[in-house]
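Student: Next one to model:
(3 chains, ligands or ions: 2)
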Amino acid sequence: ADQIEIKYTTASVPTDLHTKAMQVFKDELEARVPGRFDVQLYDSGSLFAQGADLDALQRGNAEMTYLSYQLIADAIPAYGLLTAGYLFQSPEHYRAFLNSDIGAEFKQTVSDEMDVQLLDTCYLGTRQLNLRKARDVTTPEDLAGLKLRMPGSDAWLFLGSALGAAPTPLPFGEVYLGLQTGTIDAQDNPLPTVEAAKFYEVTEQIVLTSHLVDGINIAINNETWDKLSDEEKTAMTEAAVASCDWNNAERVANEERLVDFFKSEGLQVTEPDVDAFRSHVQEVYFSSDRSADWPEGWAEKINALAE
Amino acid sequence: MDFFADNALLLMIGLLVMITVAGLPMGLAMIVSSVFYLLMAGRDIGLAAENVLNGVFGNFVALAVPLFIFAANIMNAGKVSDRLLTFALALVGRVPGGLAQVNILTSLIFSGMSGSAISDAAGVGKVITDMMTKDGRYPRGFAGAITATSAVIGPIFPPSIPMVFYALISSTSVGALFLGGVVPALLLVVVLGVSVMIMAKVRGFPVEAAIPWRSFPLVFLRAAPALMMPAILLGGIYTGVFTPTEAAAVSAFYALLLSAFAYRVLGLRAFLDVVRATVRTTAVVTIVLCGAFIFNYVITVERVPASVFAFFDSMDLSAIQLLILLNLLYLAMGCFLDVSTIMLVVTPLFLPSAAALGIDLTHLGVVLVFNMMIGLITPPYGILLFIIKALNGIPVSEMIREVWVFLAILVALLLVLTFVPDLVLWLPRAAGML
Amino acid sequence: MFLAAFCGFIVQIFFRYVMGTPLVWSEEFVMIAFIWTVFWAAAFLVPIREHVTFDVVYDVVSPKTQRVMAIFTMIVALIAFGLLFLPTLDYLDFLTRKKSPVLRIPMHWIYGCYLLFVAGLSLKMAGRLLRLFGPRWRDAL
Ligand code: NA
Ligand code: NA
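Tutor: Ligands and ions are numbered 1, 2, ... in the order given. Have a look, this model is predicted:
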């Protein structure tokens, strides 16, 4: 049979671990079903700009991409739950969820409404606050009035205000300059991003709020998926799991290393009252309109999967 | 049909060259040829809508361009720039080639607030080009060429958008890159100034009439509110009151306030004319950008950059050889492709080999940005030349005739920067960033 | 529309620094006004010959050759824009399920300006083509 062309596209840059994990996926897939797939990797949004890859999958112009929970929630508001702060607690927690009953229901709904299959969730890192000027941060009240940069979408901005700060949308490319000059007082990202984008050069403090354990899904469009035999589907899934395994191990090791690195760069790394943040954030989420259409009982079930 | 599918890229480039030479506007020609490519390659033609729309809608920074054009148009109509330039003239007008010297100096001042060469050419560049060509004082082609050449200072002197891109893909420091651009930009200003002085002597360009020292305070006072604009913008950006894109809006707003209320020369009718002219120019400039978006998609999906570099990787090169080769390659690519494509698509492919050969990546970044700025004024796809044509109506062919000298100067300076890394690295090292 | 974009900016900066409360919708609002300005103006305000053109060759040949070149480019471009029309419609139709990230405006309304651009420019090019074939073809060069 003809080779199946897989254009695998991401907006992330080549130095990102999950960009490198795409190569792992390609190699693992080739090892399992040699010559069956022609996997072409595109990074840096060179083929489709950030936010446009989902459209590309749905229109059959690309076959695979990384799909964030935020984009899924945009399309299916009920799954806004999965983007809430302090819900998932570890990389394994995501996989336990995907492999559970409600995970299967979730994947089916995504397939029905968004026309893509989710193969596995890779760990993106745990988001921490990164402040331009050091200050005492123990509880959410200490962030009042702080101009916290968030990505420019509704869900992110809500998380920012749930943390107690004043969220400010700013494109990622302007964040460094924004921190340098004080357009913003803080940004939130996993530690490896703080290193890669050099934000530590222009900030004084990292507050380990751990407010969001972020994950991103490897997705393939149904148009391609439905063409595959059962063995090929298994090979695909295994290759995706292998690439996330590699990504997760690297990332966890990296995060452990970085706390010391930032200290050596002269940053203060402080521990806030995480419980105070967690209860405040969860209360804000559950007392807002947005939790109205969240699936009944899922939050409890997901909490129970944390072990 | 297989013939068309297999050779879609070549056929497309052939068609693009043909219709461009035959006079179809650049932006439209890129869209048109890409549509034919998508048809021949059996891909979704809707991509020619999707890529363009997502490209424009997602490019917040692109907004700075029309806003700087707006500010420039207001300053023009409101006579603000006249006063500003009268002042600059009083300072350096007596130097041979006075207006051309003013042109270079203002580019340096303006580059302190813009990260893009296009906003410079569209901003004060437009005004001073008009002044230089008024009453035939300077040849039109020379005026356009010096404006284009001095506009490349914009992204070399901080802030700089291409350098931010480079930092992201190479894991170098944005701060170090910004500082690394300072000395090369100042060098460029000095070298250009001296060359213009020599050219002015040889070709007999006008020296501006000496302004008596006693009228100097008046000239300064009349220009003071306008002179404050760069100060407000620079201060605003560096103290973080606004982002560079917002700074463009502030400059337009400030120019508007000055013209309408302080100098009282801009009426409602004149203002509406300015808006209309700005909208037209904005559309013209952005359509070129649109063409680049879909064209870049085609180049990327055909893996053109990847095949080129697979070839270079198979050769065994020393660090110096690689640097020279990269410079040649980037000069060639700069003639046809836009800066962000080269930066984001091509550069990552050889960064590992450059690092492996011991090339300092901060040095490389500044050299490559400098290199790509040369591409902005290199025919046939010298986008700055097109922009000046759109803004000032100077035929591209006249500018091409004059621009060769400046190209030679830029390339010579590029070579110096390539072989003397300390020129780039000294300042960031002194600041403790490396 | 352009003025709307400009005012949106000023309002954004005013709120952020004078009022101390950043606006979350202004950036998207500005971009919508911008994109509509660009494509609407490109379709209806800017004459084809005013666009950025590689005119080195076109400017030196005789009017008769210019006429041939213009007819050729107009026909090629009209075919391409004709080919582009239905896929653009199809893409906009696909977008009916999407909304903008902050303001939640349907994306097909935001991007609808492109259809306007394709249609408007096609009409303009067809008009130029007709004039190129007519007796006063020199005016259309
Ligand atoms: Na200039
Ligand atoms: Na600059």
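
Student: where does chain A come near chain B, residue by residue?
Tutor: A:7, A:13-15, A:40, A:42-52, A:55-56, A:59-61, A:170-171, A:173-174, A:176-178, A:180-184, A:196-198, A:201-202 (C-beta under 8 Å from any C-beta of the partner chain). Where you see a C-beta, it was placed from the backbone N, CA and C, and this is true even at glycine.

Student: hmm, who's touching the helix or strand that contains residue B:423?
Tutor: Assigned by DSSP states H and E, residue B:423 belongs to helix B:421-430. Outside helix B:421-430, the residues that touch it by C-beta atoms under 8 Å, 6 or more residues apart in numbering or on different chains are B:173, B:175-177, B:179-184, B:187, B:360, B:362-363, B:366-367, B:416-417, B:434.

Student: make it 7 Å
Tutor: Residues outside helix B:421-430 that contact it (C-beta atoms under 7 Å, 6 or more residues apart in numbering or on different chains) are B:176, B:179-180, B:182-184, B:360, B:362-363, B:366, B:417, B:434.

Student: Strands of chain A, start to end?
Tutor: A:4-9, A:37-42, A:64-68, A:116-131, A:147-150, A:166-169, A:186-190, A:205-221, A:268-270 (DSSP state E).

Student: In chain A, which residue sits closest to ligand 1?
Tutor: Closest contact between chain A and ligand 1, by C-beta to the ion, is at residue A:177 (23.7 Å).

Student: Okay, that residue and residue C:137: tell me how far apart.
Tutor: Here the criterion is C-beta to C-beta, to the nearest Å. By it, residue A:177 lies 53 Å from residue C:137.

Student: Buried residues, the lowest-mean-pLDDT helix or strand in chain A. List them.
Tutor: Least confident helix or strand of chain A, by mean pLDDT, DSSP states H and E, is helix A:175-181 with a mean of 84. For helix A:175-181, the neighbour count (16 or more other C-beta atoms under 10 Å in any protein chain shown) marks A:175-181 as buried.

Student: Not counting its neighbours along the chain, what's nearest residue 106?
Tutor: Chain wasn't specified; assuming chain A. Closest residue to residue A:106 apart from its sequence neighbours, by C-beta to C-beta, 6 or more residues apart in numbering or on different chains: residue A:79 at 7.1 Å.

Student: looking at chain C here, not the other one
Tutor: Using C-beta to C-beta, 6+ apart and skipping residues adjacent in sequence, the residue nearest residue C:106 is residue C:99, 5.8 Å away.

Student: wouldn't that neighbour be in contact with residue C:110 here?
Tutor: No: between residue C:99 and residue C:110 there is no contact under C-beta atoms under 7 Å: 9.4 Å.

Student: For the residue nearest to residue A:142 when sequence neighbours are not counted, give its distance to residue A:85.
Tutor: In space, and not counting its chain neighbours, residue A:142 is closest to residue A:136: 6.3 Å by C-beta to C-beta, 6+ apart. Distance from residue A:136 to residue A:85, counting by C-beta to C-beta: 21 Å.

Student: between those two, who's got more neighbours?
Tutor: Counted by other C-beta atoms under 10 Å in any protein chain shown, residue A:136 and residue A:85 do not tie: residue A:85 has more neighbours, with 23 against 9.

Student: returning to that earlier point: is the least confident helix or strand of chain A anywhere near ligand 2?
Tutor: No: using C-beta under 5 Å from the ion, we find that helix A:175-181 stays clear of ligand 2, coming within 11.5 Å at best.

Student: now that helix: how far from the chain's centre is it?
Tutor: How far helix A:175-181 lies from its chain's middle: 23 Å, per C-alpha atoms, centre = their mean, to the nearest Å.

Student: for that helix, packing partners?
Tutor: Judged by 3 or more C-beta pairs under 7 Å, 6 or more residues apart in numbering or on different chains; DSSP states H and E, the packing partners of helix A:175-181 are helix B:216-239.

Student: Which secondary structure element comes immediately after the helix it packs on toward the C-terminus?
Tutor: Next in line after helix B:216-239, if elements are assigned by DSSP H and E, sits helix B:244-257.

Student: dump the residue contacts of the residue nearest to residue C:106.
Tutor: C:105-107.

Student: So it versus chain B, what's the distance?
Tutor: Residue C:99 sits 13 Å away from chain B, taking C-beta to the nearest C-beta, to the nearest Å as the criterion.

Student: give me phi/psi at that residue?
Tutor: phi -130, psi 150 (degrees, to the nearest 10).

Student: any chance of the contacts of residue C:99 in a markdown table, plus secondary structure, pLDDT and neighbour count?
Tutor: Converted to a markdown table, these look like this (DSSP: H, G, I helix; E, B strand; the rest coil; pLDDT from 0 to 100; neighbours: other C-beta atoms under 10 Å in any protein chain shown):
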| residue | secondary structure | pLDDT | neighbour count |
| --- | --- | --- | --- |
| C:105 | coil | 87 | 14 |
| C:106 | strand | 90 | 15 |
| C:107 | helix | 89 | 19 |
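
Student: closest to residue C:68 among these?
Tutor: residue C:107 (41.9 Å; C-beta to C-beta).

Student: Name the next helix or strand downstream of the helix or strand of chain C with the lowest mean pLDDT, please.
Tutor: The weakest-scoring helix or strand in chain C, judged by mean pLDDT, DSSP H and E, is helix C:2-13 (a mean of 64). Toward the C-terminal end, the helix or strand that comes next after helix C:2-13 (DSSP H and E) is helix C:26-44.

Student: for that next one, packing partners?
Tutor: helix B:47-57, helix B:268-301, helix C:2-13, helix C:113-133.

Student: So whatever residue of chain C ends up closest to chain A: helix, strand or coil?
Tutor: Across chain C, the shortest distance to chain A (C-beta to the nearest C-beta) belongs to residue C:101, at 3.9 Å. Three-state assignment for residue C:101 (DSSP: H, G, I helix; E, B strand; the rest coil): coil.

Student: quick one, phi psi at the nearest residue to it once chain neighbours are set aside?
Tutor: Nearest non-adjacent residue to residue C:101, counting by C-beta to C-beta, 6+ apart: residue A:153, 3.9 Å away. Note on residue A:153: backbone dihedrals following degrees, to the nearest 10 are phi -140, psi 160.

Student: Residue A:100: neighbour count?
Tutor: Residue A:100: 15 surrounding residues under other C-beta under 10 Å.

Student: residue contacts, it?
Tutor: Per C-beta under 7 Å, 6+ apart, neighbours of residue A:100: residue A:305.

Student: residue ranges with poor pLDDT in chain C?
Tutor: C:1-24, C:56 (pLDDT under 70).

Student: Can you name the residues of it that neighbour ligand 1?
Tutor: Counting by C-beta under 5 Å from the ion, no residue of chain C is near ligand 1.

Student: what residue lies at the spatial centre of chain C?
Tutor: residue C:39 (2.4 Å; C-alpha atoms, centre = their mean).
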